[in-house]
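In: Kindly generate the corresponding structure for this input.
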Amino acid sequence: MASGPEALVSHARYGEEFAKARELVLGHPKRWRVIYHYDGDGVAAASALLRAFSRLGYPAQATALFGVERERFAALARSTPGPIVVTDTGSSWLDLYPEHPHPVVVLDHHSYPGAPESPGLPKHVAFVNPVDWGVDGMNELSASSLAWLFTVFLDPANWDNAPWGLSGAIHDRQHVGGFRGLNATLVEEARRRSLLERRRGLALFGRSVAEALAQSVDPYVRGISGRRDVAERFVRDLGVDPARRPTELTAEESERLARAVQDRLRAANVLPEFASMLKGERWFVPALGMDAEEISNLQNATGRAGIPGVGVAYALGDPVAAEKARATEADWRSGLLRGLRRIEDGGVRSMEALRWFESPETALAGTQAGLAMNYLLPSDLPVFVFSDGGEGPTKISARGLVRQVDRGLDLATVCRTAAAEVGGEGGGHRVASGATIPPGTRDRFLEAANRELARQPRSSGAAA
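Out: Here you go, the predicted structure:
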């Protein structure tokens with residue numbers, strides 16, 4: 001790409017926003033604080049940034065936020081005697097950044113009130129958001145791929161941040177149906193540079209086919225996932241040795257297994273776009289010898305376990321962190337399977353315009369909701385999951401489907417509006433959003449969310 005990343009998007013604000021952010025970073029070669037959201041996208045974004053700061057020779061400190069935490073961010077900013085980068089969060093806090101006396105760079109892909117017209121910001125604040133230049137942050141650019149792109153603006157050597165740019169985009173499910181828009185452009189450039197390889201294969205990872213199928217959460221196969229003995233019988237009945245590694249199967253055996261699993265998914269009324277996730281285009285990272293989805297799972301697991309710094313350290317090449325991430329991923333997968341089995345066996349509760357359930361696995365609740373939406377629940381209504389914080393606030397994750405968004409669903413507005421009614425705060429994407437509310441306000445939040453959803457055009461109608 002001889003002309004560099006400046007030529008990737010024609011909108012004038014694209015170059016302006018990145019240029020301002022680059023000028024602030026390169027003009028302040030000192031210790032930076034990177035504040036990031038703790039999920040897989042945020043961990044990957046922080047990984048790309050820390051790697052870029054290291055290449056510049058800048059010391060940097062990474063600090064995670066574990067929800068929509070405006071007040072905690074404000075406290076962190078007050079205690080930070082230097083410049084700050086905020087990534088995968090913070091688009092709704094534009095009023096706070098001018099108060100910080102040092103440079104602030106915000107790299108976020110979530111929508112914000114008044115978008116795409118952000119308020120005027122002082123010279124020491126750079127706000128980079130794809131919504132401002134006509135790129136859909138829900139489908140076409142994640143926080144990590146945005147951070148990856150920004151690091152390329154800092155130094156073209158940072159194209160090698162491809163694994164971390166891809167990891168977060170996969171976590172945000174922007175690979176479903178194939179990468180699109182600016183993501184696709186970035187991925188193709190990384191492939192051209194031999195940083196990624198496009199392959200065909202099954203989304204099954206494990207020491208054996210039976211283990212991989214029993215531990216599969218994406219896809220989650222009703223009646224098989226979470227059940228090792230059932231998975232072994234299922235594979236054996238297909239004439240495939242359940243003890244073999246997934247990568248050892250012949251093309252014919254892989255096809256036979258894929259057909260049988262997809263038949264099970266279709267019988268459970270799983271939508272075609274999710275039933276097809278088992279088999280298709282894969283992205284292999286030669287430098288790490290891994291599928292990009294495996295990397296995404298490792299980083300997301302560390303965040304959901306409350307140790308996102310381990311995921312960042314893994315990206316920085318720490319072998320101890322790598323081992324910890326693998327052990328954490330196994331626990332994360334087990335927790336997801338427990339939650340999905342509860343939903344499969346016990347169902348969820350319903351209101352006019354939404355479904356909801358509770359999860360004791362606070363850090364896993366959003367992922368459980370997303371996977372339940374894809375593999376276990378009818379496709380007509382979005383789902384909300386509540387994690388009671390005891391004496392602390394209640395955390396909420398909301399998940400829908402792109403086809404619901406196409407009919408008018410906007411969960412970001414729902415979460416923001418309903419949370420505000422009960423003294424909390426919320427936001428995110430139209431298809432995936434969240435909120436933090438005071439204890440004891442769940443029922444009032446549900447009433448407000450149900451009311452707001454009922455006002456949205458056809459968001460609660462039958463699936464197309």
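
In: For the helix ranked longest in the chain, buried residues please.
Out: Determined from DSSP state H, the single longest helix within the chain is helix 319-346. By 16 or more other Cβ atoms under 10 Å, the buried positions in helix 319-346 come out as 321, 324-325, 328-329, 332-333, 335-337, 339-340, 342-344. Every C-beta, even on glycine, is put in place using the N, C-alpha and C of the backbone.

In: Quickly list the domain ranges of the chain.
Out: 5-195, 200-340, 347-455 (automatic domain parsing).

In: Redo those as CSV? Include mean pLDDT.
Out: Below are the domains of the chain laid out as CSV (pLDDT from 0 to 100):
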stretch, mean pLDDT
domain 5-195, 95
domain 200-340, 93
domain 347-455, 93
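
In: Now Ser216: which helix or strand?
Out: Counting by DSSP states H and E, no helix or strand carries Ser216.

In: distance of it from Pro5?
Out: 37 Å (Cβ to Cβ, to the nearest Å).

In: Please look at Thr89 and Tyr36 and confirm they touch.
Out: Yes. With contact defined as Cβ atoms under 8 Å, Thr89 counts as touching Tyr36 (7.1 Å).

In: Return every residue with contacts to both of those two.
Out: Gly42, Leu65 (Cβ atoms under 8 Å, 6 or more residues apart in numbering).

In: show me what contacts the residue nearest the centre of the chain?
Out: In the chain, the residue lying closest to the centroid (Cα atoms, centre = their mean) is Asp172, at 3.1 Å. By Cβ under 8 Å, 6+ apart, the contact set of Asp172 is Gly40, Asp41, Ser142, Ala143, Ala432.

In: Arg266: which of those residues is nearest?
Out: For those, the residue nearest Arg266 by Cβ to Cβ is Ala432; the value is 24.5 Å.

In: Next one: the closest one relative to Thr302, how far apart?
Out: For Ala432, the distance to Thr302 - Cβ to Cβ - is 20 Å.

In: So if I had to pick from those two, which one is more boxed in?
Out: Thr302 (27 against 23; other Cβ atoms under 10 Å).

In: hang on, isn't that one packed against Ala315?
Out: No. Taking Cβ under 8 Å as the definition, Thr302 is not a contact partner of Ala315, at 10.2 Å.

In: any common contacting residues for these two?
Out: With contacts defined as Cβ under 8 Å, 6+ apart, no residue is shared by Thr302 and Ala315.

In: Let me know the closest of the contacts of Asp172 to Gln456.
Out: Nearest to Gln456 among the contacts of Asp172, with distances taken as Cβ to Cβ, is Ala432, at 15.6 Å.

In: who's in contact with the closest one?
Out: Met138, Asp172, Gly366, Gly370, Ser397, Ala398, Arg399, Gly400, Leu411.

In: closest to Glu281 among those residues?
Out: Glu281 lies nearest to Asp172 out of these, by Cβ to Cβ, at 17.0 Å.

In: now for the longest helix of the chain, which elements pack on it?
Out: helix 292-304, helix 308-315, helix 365-375 (3 or more Cβ pairs under 8 Å, 6 or more residues apart in numbering; DSSP states H and E).

In: Which one of those lies nearest to Leu271?
Out: Nearest of the helices and strands packed on helix 319-346 (Cβ to Cβ): helix 365-375, 7.5 Å.

In: what angle separates that closest one from helix 292-304?
Out: Put simply, helix 365-375 runs at 140 degrees to helix 292-304, going by axes from the mean of the first three to the mean of the last three Cα atoms, to 10 degrees.

In: picking that back up, measure the residue nearest to the centre of the chain to Val240 for me?
Out: On the measure of Cβ to Cβ, Asp172 and Val240 end up 33 Å apart.

In: and the helix or strand hosting Pro163, how far out from the chain's middle?
Out: Taking DSSP H and E as the definition, one finds Pro163 inside helix 162-171. From the chain centre to the centre of helix 162-171 is a distance of 9 Å (Cα atoms, centre = their mean, to the nearest Å).

In: show me what contacts Pro393?
Out: Gly67, Gly424, Thr436, Ile437, Pro438, Pro439.
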